[in-house]
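1. my questions concern the predicted model and sequence given below.
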Amino acid sequence: MPPTEFAALAQSLAPVELVLGETLHRAGEPIDYLFFPETGFISALAVLSDGAPIEIGLIGAEGVAGVSVILGATASYCETMCQTGGPAHRLAVGEFKEMVARSPVLHDLLLRYVHVF
């Protein structure tokens, strides 16, 4: 990202400490925040009809939990749960949408991330 776009994004990020086993999003519930882990992993889990979770993806330091909001989603399609604890950054959905609207580079990077994920 260009330094000016990254600086604008960095100002909006709030540092948080993720906790092992912590659920960040629940399937079918509103997405309020996106999470950018610095270290460790966040699992994306589908919940089967019998209630059992199955891992469908893994989000590390290169990724974002809750990124489906860039596609217009308002509710999570899966559960996201911390596989490890550690530092991360949190961004409210409203701020995220404003940031993406002003940052075409960020918008394109995140769309490519969604495609790969």
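-> Here it is on my side, so go on.
2. show me the helices in the protein, by range?
-> Counting by DSSP state H, the chain has these helices, from start to end: 3-12, 93-102, 104-116.
3. flag every buried residue along the second one.
-> Neighbour-count burial for helix 93-102, with 16 or more other C-beta atoms under 10 Å as criterion, is recorded at 93, 95, 96, 99, 100. Any C-beta I mention is one placed from the backbone N, CA and C, and that applies to glycine too.
4. residue 31 is nearest to which of the helices of the chain?
-> Using C-beta to C-beta as the criterion, the shortest distance between residue 31 and these is 6.0 Å, found for helix 93-102.
5. CA atoms only: put the closest one into PDB for me.
-> Taking Å, rounded to 0.1, in the frame of the first residue of the first chain, the C-alpha atoms of helix 93-102 are listed here in PDB:
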ATOM      1  CA  VAL A  93     -17.100  -2.100  10.100                       C
ATOM      2  CA  GLY A  94     -18.300   1.500   9.600                       C
ATOM      3  CA  GLU A  95     -14.700   2.800   9.700                       C
ATOM      4  CA  PHE A  96     -13.600   0.000   7.400                       C
ATOM      5  CA  LYS A  97     -16.200   0.900   4.800                       C
ATOM      6  CA  GLU A  98     -15.100   4.500   4.900                       C
ATOM      7  CA  MET A  99     -11.500   3.500   4.600                       C
ATOM      8  CA  VAL A 100     -12.100   1.200   1.600                       C
ATOM      9  CA  ALA A 101     -14.100   3.900  -0.100                       C
ATOM     10  CA  ARG A 102     -11.100   6.300   0.100                       C
END
